[in-house]
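Visitor: Curious how this folds, go ahead:
(chains A and B)
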There are 2 protein chains.
Amino acid sequence: MREVGIIGVGHTKFGNLGRVTSRELITSAAIEAIEMANINKNDIDTIYAGLLSPDIFEHQMHSSPGIPDYLGLKNTPSTRVEAACASGGLASMNAIIAVGSGMYDVALSVGAEKMTNLPTSHVTEALAMCADDIYEVASGLTFPGAFAMMARRHEFEFGTNSEMRAAVAVKNHKNGVNNNLAQFQKEITMEKAMNSIMIADPLNLYDCSPITDGAAALVFVPWEIAKKHDGPKVKVRSFAQASDTMSLHDRSDLTGFATTKIAAKKAFERAKLTPSDIDILEVHDCFTIAEIMAIEDMGFCKKGEGGKITLDGDTSRDGLIPVNMSGGLKSKGHPIGATGQSQLVELFKQLNGLAEKRQIKDANMGMSQNLGGSGSTIVCHILEGIN
Amino acid sequence: MREVGIIGVGHTKFGNLGRVTSRELITSAAIEAIEMANINKNDIDTIYAGLLSPDIFEHQMHSSPGIPDYLGLKNTPSTRVEAACASGGLASMNAIIAVGSGMYDVALSVGAEKMTNLPTSHVTEALAMCADDIYEVASGLTFPGAFAMMARRHEFEFGTNSEMRAAVAVKNHKNGVNNNLAQFQKEITMEKAMNSIMIADPLNLYDCSPITDGAAALVFVPWEIAKKHDGPKVKVRSFAQASDTMSLHDRSDLTGFATTKIAAKKAFERAKLTPSDIDILEVHDCFTIAEIMAIEDMGFCKKGEGGKITLDGDTSRDGLIPVNMSGGLKSKGHPIGATGQSQLVELFKQLNGLAEKRQIKDANMGMSQNLGGSGSTIVCHILEGIN
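Guide: Numbers count the residues shown, from 1 in each chain, chains lettered A, B, ... in the order given. Now for the predicted structure:
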């Protein structure tokens, strides 16, 4: 497969965006990415779109042709991919494979979700359908419950307590203050994080990411083209995807995800890198415990020490490995299909010195981890800055 | 992109299959394809799944990891693609790109839908959501209505009458008699077809494909491997995808699909072939008028003559270009995500002399056309038999 680069990114405001469709949000993010890439929009050969369920959120299936339609690109191939909250990461991955194959020269990937149309209870039900409907959802399990069980087990095995989880939320809210596209731009205290209302014991309000509208987009071209591009760019060093059982009861361990371990290991192997080569991480903190498990499973600390190193500040902007400088899902927001895309947009900005007040000095190698369901799908990307 | 071949196919019975999930149907079709390919299932590197809306039909999102889970392949990457009724064709196309890229050596594509859980009115509403929800669905347009408008306009411009449309249904029902996996295995008379109950004027019951459960699967490998394979095989000569506006009112012509014309033309160009090289066609006859428009737009007859040549028998099994020997969507059934896959399974069988009573003598080159929405997505494939 030939090497691939990214030359443009776009990102809408994340939040409750009112009367707008995912199609309009995608259009907005895509135009920004196309303008940054400085390409003629008609040069786009194919589009991949990550959306969880416009079916349920917007009473619209077959969203994909609506994207070239609204961009004025009537006949450009456009394909929706869905893998729960990893839909956005998989849209990028398939755009990379499309360009890497040599079949297409310019691929646009987009991701979006318009979630705030529905009441919270309906959103929670819709998201729960990304777990195993037959065995888990029918028994009343929703994602706060699933991740609460993981948090309980992690606490039992490794002593990861509410203070450590709260440290994730406090850090990510602090980072989000510097991201004017984030849903929340406000710091929270440890005390507030630890004493907010209970959602699913032991997870409280500030352990959970919010319900969000938003979109993000990226433009992919062969690296041979990208490296000569007069403008910001990154090289795709590697990607990897893994699946696991739908149901938690089929797994031997609840304190992490086999999928994260496998996908991260493959991404490192393909890029010929190790965790020590990574300068900045964007991981899938749908719940605070998920960030802790992610940095452990990816190899950025020993198993069981993710909570401790977060509390120690190792994952903060001045720490050993800055995690979720964008604010993460917790503070930036989590418009499902957009999230994996948004992670790569943040890495792109960081690796090009475009991250403004969030900028990490000398960030050269970035990695993402995007999670679907209760970890049944994971996709990781490693991007390298070249400027 | 390296060349790709197919070495195994699987196909469940199509029909009202009762208490079964799409996951189980996919497992069944996939096992059959894996056995025919004579590979170790653990050699599968990636999976692409075409499903329209397990969200609405089965209260299950994130279907993709459930596939390796049920196949005992826990960590194999698995991605769902959706483009309305073209979801199955796009699953295959992305499996081809995945193998063609060199990133993966063995790809499984599957497609399925479990539709009969819901009452007909709910299925009709769900399918309508594949049109433009904002402008069309909200105004009361469902697909029988959309295709009825096309049929009316085709009749106005070219004189394509109810007898010509009925000839499509009669032919496809006749073909379906020879397909023991078809939903309907019964012939119908022209009189019955023309006098059945009206659905959306001028389309009556026998102009419309049914509501169906079912699944199909294919195994893709590099052609270098496939050509040495001791067993049935075909070469993927080309594929092409195109998009069009979501809404019919944004198009200048209702008598055909720009997408079919573009995708077919590209597929022919990439394969360095013309319609005269094709021995057998599987096209998307969701309504009888759709088959007539497809053979015109693909270049198998002049525009406006599709109805006439069908009535003349040119598309029957002994005609110039046999169309829908499988029975087509009309008689074989139309489990949305499975349909594009099922078309390729039929071509594979025909090109390997495995089509039993449906077999077309000396079929060497086959082509498919898979349609999504009101033609907003089209994907075409050309397959070549080698035995």
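
Visitor: I'd say A:M325 and A:Q350 touch.
Guide: Yes. Using CB atoms under 8 Å, A:M325 is in contact with A:Q350, at 6.5 Å. Every residue, glycine included, has its C-beta placed from N, CA and C.

Visitor: Which one's more surrounded, these two?
Guide: Here A:M325 and A:Q350 are compared on neighbour count by other CB atoms under 10 Å in any protein chain shown; more neighbours surround A:M325, at 30 against 25.

Visitor: Pull out the buried positions in stretch A:25-39.
Guide: A:25-30, A:32-34, A:36-37, A:39 (16 or more other CB atoms under 10 Å in any protein chain shown).

Visitor: which residues are common contacts for A:M325 and A:Q350?
Guide: In terms of CB atoms under 8 Å, 6 or more residues apart in numbering or on different chains, A:M325 and A:Q350 are both contacted by the residues A:280, A:358, A:360.

Visitor: and the last one, how many neighbours?
Guide: Yep, that's A:I360 we're talking about. A:I360 has 17 nearby residues by other CB under 10 Å.

Visitor: Next, the contact list for A:L181, please.
Guide: A:11-14, A:214, A:332.

Visitor: just checking, what packs against the helix or strand where A:T79 lies?
Guide: A:T79 belongs to strand A:78-82 when elements are defined using DSSP states H and E. Under the contact criterion of 3 or more CB pairs under 8 Å, 6 or more residues apart in numbering or on different chains; DSSP states H and E, strand A:78-82 touches strand A:46-50, helix A:87-100, strand B:78-82.

Visitor: Quick check: next helix or strand after the longest one?
Guide: Downstream of helix A:87-100, the next assigned helix or strand under DSSP H and E is strand A:107-114.

Visitor: Mind listing the strands that following strand pairs with, and their directions?
Guide: strand A:46-50 (parallel), strand A:213-222 (antiparallel) (DSSP bridges).

Visitor: Could you export that strand as CSV, CA atoms only?
Guide: Below are the C-alpha coordinates for strand A:107-114, written out as CSV (Å, rounded to 0.1, in the frame of the first residue of the first chain):
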residue,chain,number,x,y,z
ALA,A,107,-10.3,11.1,-0.4
LEU,A,108,-12.4,13.2,1.9
SER,A,109,-13.4,11.6,5.2
VAL,A,110,-16.1,13.2,7.4
GLY,A,111,-17.8,12.3,10.6
ALA,A,112,-20.8,13.8,12.3
GLU,A,113,-23.7,13.3,14.6
LYS,A,114,-26.8,15.4,15.4
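
Visitor: Show me how far it is from its chain's centre.
Guide: From the chain centre to the centre of strand A:107-114 is a distance of 12 Å (CA atoms, centre = their mean, to the nearest Å).

Visitor: if I pick the spatially most central residue of chain A, what's in contact with it?
Guide: Residue closest to the average C-alpha location in chain A (CA atoms, centre = their mean): A:G340, at 3.1 Å. By CB under 8 Å, 6+ apart, the residues touching A:G340 are A:50, A:85-92, A:111, A:368, A:370, A:379.

Visitor: Among those residues, which one sits closest to chain B?
Guide: A:L90 (5.4 Å; CB to the nearest CB).

Visitor: Tell me, how many residues neighbour that closest one?
Guide: 31.

Visitor: Alpha carbons of the helix or strand of chain A with the lowest mean pLDDT, as CSV, please.
Guide: Within chain A, no helix or strand scores below helix A:120-128, which has a mean of 93 by mean pLDDT, DSSP states H and E. Coordinates of the C-alpha atoms in helix A:120-128 are reproduced here as CSV (Å, rounded to 0.1, in the frame of the first residue of the first chain):
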residue,chain,number,x,y,z
THR,A,120,-31.5,12.2,26.9
SER,A,121,-33.3,9.0,27.7
HIS,A,122,-33.8,8.2,24.0
VAL,A,123,-30.1,9.0,23.3
THR,A,124,-29.1,6.7,26.1
GLU,A,125,-31.3,3.9,24.6
ALA,A,126,-29.9,4.5,21.1
LEU,A,127,-26.3,4.3,22.3
ALA,A,128,-27.1,1.2,24.3
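
Visitor: Which strands or helices does it pack on?
Guide: Right, helix A:120-128 is packed against helix A:54-58, helix A:143-158 by 3+ CB pairs under 8 Å, 6+ apart.

Visitor: quick one: low-confidence ranges for chain A?
Guide: A:387 (pLDDT under 70).

Visitor: For the stretch 201-350 of chain A, which segments count as strands?
Guide: For the stretch 201-350 of chain A, the strands defined by DSSP state E, counting those that start in this stretch cover A:203-204, A:213-222, A:234-243, A:280-282.
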